[in-house]
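**Student:** below are the sequence and a predicted model; questions follow.
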Amino acid sequence: MDRPTRTRRSRSPATDQPGLLPEPGEGKPSNAADLPARALEVHHRLQREYGGRDHVPRREPMHELISTILSQRTTWRNEDLAYRRMIERFGDWETIEHADVAELTDAISPSNYAEVKAPNIQRTLRCIRERRGGYDLSFLADMTPEEGMAWLLDLPGVGLKTASLVLLFCFAKPVLPVDTHVHRVSQRVGLIGPKVMHEAAHRILLAMLPPDPPLLYAFHVNMLRHGQKVCTFSRPYCSRCVLRDVCDYGTSPDTVKY
Ligand code: SF4
């Protein structure tokens with residue numbers, strides 16, 4: 001996935017396990033025992049670079065849940081625009097659930113794949129209402145992280161990232177959302193192997209870090225920011241990266257850096 005890499009990746013026998021050895025010539029080996037310490041070091045350096053992150057709920061849970069569905073493959077600006085258009089046009093969750101699907105699709109059209117997301121949102125709302133008698137998710141606060149995760153994952157259109165965002169951001173549960181930036185930076189640094197997919201990355205990275213919600217929140221937000229600003233998809237700006245000496249990609253002589 002790292003486009004600038006020149007070296008050809010070799011086969012790995014256990015692609016969803018932490019501590020994979022990097023490819024020959026891709027920097028120092030990622031020793032499994034060293035990974036929790038490296039993950040913490042990454043966290044501390046990004047904290048210093050981007051500052052502390054107050055862990056406060058940014059949105060109420062239903063807003064977080066539906067916004068996250070709208071955010072899939074969509075910029076933050078368009079996600080926000082789609083959400084505001086939807087609320088302005090329909091007003092409340094009950095009306096959105098029963099709206100004409102073509103009208104809902106039109107309202108959320110700034111979000112990509114609106115024609116898929118509109119019926120998904122309605123199915124999600126229907127499921128929540130049928131199971132809870134309304135659209136209030138505050139009961140999740142009284143559940144364990146495992147219970148809350150299982151409840152959310154049972155909703156149509158809700159995956160691990162969305163469920164983790166709701167549980168961490170709104171209820172301070174010790175889980176870690178892994179978006180495309182967290183995933184890419186973690187792979188390049190060597191915290192996860194090159195073939196570890198997003199779903200497995202949630203479990204592997206969470207096991208590496210302390211079960212401390214403010215720390216997990218800061219790790220998520222700062223890794224995301226680092227992936228947007230420095231370790232970008234097309235160009236890893238290693239020459240100005242604070243992680244370079246603890247990063248497999250950054251310490252390798254065989255990778256393309258900027
Ligand atoms: S050193 Fe390079 S590859 Fe590693 S995290 Fe920094 S920018 Fe990304």
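**Tutor:** Yep, that arrived.

**Student:** pull up the residues of the stretch 101-250 of the chain that are close to the ligand.
**Tutor:** Neighbours of the ligand within the stretch 101-250 of the chain, by Cβ under 6 Å from any ligand atom: 185, 188-189, 230-231, 236-238, 241, 243-244, 247, 249-250. (C-beta placed from N, C-alpha, C; glycine too.)

**Student:** will you turn these into JSON lines that also has pLDDT?
**Tutor:** Output for those, formatted as JSON lines (pLDDT from 0 to 100):
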{"residue": "Val185", "pLDDT": "98"}
{"residue": "Arg188", "pLDDT": "97"}
{"residue": "Val189", "pLDDT": "97"}
{"residue": "Val230", "pLDDT": "97"}
{"residue": "Cys231", "pLDDT": "97"}
{"residue": "Pro236", "pLDDT": "96"}
{"residue": "Tyr237", "pLDDT": "96"}
{"residue": "Cys238", "pLDDT": "96"}
{"residue": "Cys241", "pLDDT": "97"}
{"residue": "Leu243", "pLDDT": "97"}
{"residue": "Arg244", "pLDDT": "96"}
{"residue": "Cys247", "pLDDT": "96"}
{"residue": "Tyr249", "pLDDT": "95"}
{"residue": "Gly250", "pLDDT": "93"}
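
**Student:** out of these, which is nearest to Ser164?
**Tutor:** Taking Cβ to Cβ as the measure, Ser164 sits nearest to Val185 out of those, at 16.8 Å.

**Student:** next SSE after the helix or strand hosting the closest one?
**Tutor:** If you go by DSSP states H and E, Val185 is part of helix 180-189. Counting by DSSP H and E, the next helix or strand C-terminal to helix 180-189 is helix 198-208.

**Student:** any low-confidence regions in the protein?
**Tutor:** Where the chain drops to pLDDT under 70, the residues are 1-30.
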